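Enquirer: please find the sequence and the predicted model below.
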Amino acid sequence: MKKILLTLLAAVGAAASFSAHADVIPTSSWNVTGLQGTWAYGTTDWNFGEAVNNVADVAQVNAMMKDGYVAHPQSYDSPVTGIFNYRTPGFHALEVTLGADTAMGSFTFWNTRSDSPTTPIGLDYRLNGGAWINVMSSTSGALGLLEGPGLEIITISMAGILADQIRLTTNGGNQISVHELVLSDADVVAHVPEPASIALFGLGLAAVGGIRRKRRR
C-alpha cells in the first residue's frame with residue numbers, strides 16, 4: 001500500500017509545473033558607478049556635444065538613469081535626459097553596480113538615436129570583482145534599434161545569471177543613446193500543481209480505497 005501511495009505522489013510531482021517571474025529591482029539597490037570611452041550629454045534624439053566627465057559626472061549620470069524618461073523637443077533649450085557616444089570610434093561602456101549578488105532576469109535601456117543598424121552592442125557581467133563575462137553580443141539592428149530617431153526600449157534577457165556588476169557596451173563610431181535603465185531579478189519561483197495532476201491523485205486514492213475494500217472481504 002505504501003508503495004502505491006509513493007508512486008502516486010511521485011507522479012503528481014512530475015506533472016507539477018513551475019513558474020518564475022522577474023521583479024523590478026528598486027533604483028535604490030543599484031547605481032551607475034563607471035563610464036568608459038567618450039560620452040556626450042543630450043536630450044531626446046539631440047546630442048548637445050557637451051562631453052561627459054567619466055569620473056566627475058558619474059553621480060549625475062546615475063541620477064539621470066533613474067529619474068523617469070520624458071520626451072523633449074530637439075532643442076538646446078531642452079533639459080539633459082541622456083548620454084550619447086557621439087560617433088566616437090572605440091570602446092564605450094556604462095557600468096552598473098548592484099547592492100548585493102543578484103540572480104538577474106533582464107537589463108533594459110531607453111534609446112532615442114541609432115545611426116546605423118550594424119553598431120556592435122554588448123552586455124557583460126561579473127561577480128565579486130572577477131573577470132567580465134559576456135552574456136550578449138549583437139548589433140543595434142538585431143536588437144531592434146531603428147536607424148534614425150525614435151524611442152526604443154530594449155530589454156536583454158540575463159536568464160538568472162548571478163551578478164553584482166553589469167555593463168552595457170558599444171564599440172564603433174556609430175551613435176546610440178542611453179536615457180533610462182531598468183534592472184529586473186529572476187529569483188522568484190512558484191511551484192503550482194496542474195489540475196490534471198490533482199485529478200490523477202484523486203483517482204489514485206479512489207483506486208487504493210477500492211483495493212482495501214476488496215481485501216477486507
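Expert: Cool, the structure landed.
Enquirer: for N62, give me phi and psi.
Expert: phi -60, psi -50 (degrees, to the nearest 10).
Enquirer: where does I156 fall, phi/psi-wise?
Expert: Dihedral angles (degrees, to the nearest 10) for I156: phi -110, psi 120.
Enquirer: what residues are bridge-paired with it?
Expert: Taking DSSP bridges as the rule, I156 bridges to F107.
Enquirer: for this protein, what spans make up the strands?
Expert: 17-24, 30-36, 40-43, 46-51, 82-84, 91-114, 120-126, 133-139, 148-171, 177-178, 181-192 (DSSP state E).
Enquirer: can you redo the ones you listed as CSV with mean neighbour count and mean pLDDT?
Expert: In this view, the C-beta of every residue, glycine as well, is placed from N, C-alpha and C. As requested, these are exported to CSV (neighbours: other Cβ atoms under 10 Å; pLDDT from 0 to 100):
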stretch, mean neighbour count, mean pLDDT
strand 17-24, 12, 61
strand 30-36, 18, 97
strand 40-43, 22, 94
strand 46-51, 15, 90
strand 82-84, 26, 95
strand 91-114, 20, 96
strand 120-126, 19, 97
strand 133-139, 14, 97
strand 148-171, 17, 94
strand 177-178, 26, 95
strand 181-192, 15, 73
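Enquirer: so can I have JSON lines of these showing distance to S75?
Expert: Listed next are those as JSON lines, based on distance: least, Cβ to Cβ, whole Å:
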{"stretch": "strand 17-24", "distance to S75": "32"}
{"stretch": "strand 30-36", "distance to S75": "25"}
{"stretch": "strand 40-43", "distance to S75": "8"}
{"stretch": "strand 46-51", "distance to S75": "7"}
{"stretch": "strand 82-84", "distance to S75": "15"}
{"stretch": "strand 91-114", "distance to S75": "14"}
{"stretch": "strand 120-126", "distance to S75": "28"}
{"stretch": "strand 133-139", "distance to S75": "30"}
{"stretch": "strand 148-171", "distance to S75": "14"}
{"stretch": "strand 177-178", "distance to S75": "16"}
{"stretch": "strand 181-192", "distance to S75": "25"}
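Enquirer: separation between A100 and G49?
Expert: The spacing between A100 and G49, counted by Cβ to Cβ, to the nearest Å, is 38 Å.
Enquirer: my error: substitute D23 in the last question.
Expert: According to Cβ to Cβ, D23 stands 38 Å off from G49.
Enquirer: which residues are in contact with N128?
Expert: D101, D164 (Cβ atoms under 8 Å, 6 or more residues apart in numbering).
Enquirer: if I look at it, how far off is D101?
Expert: 8 Å.
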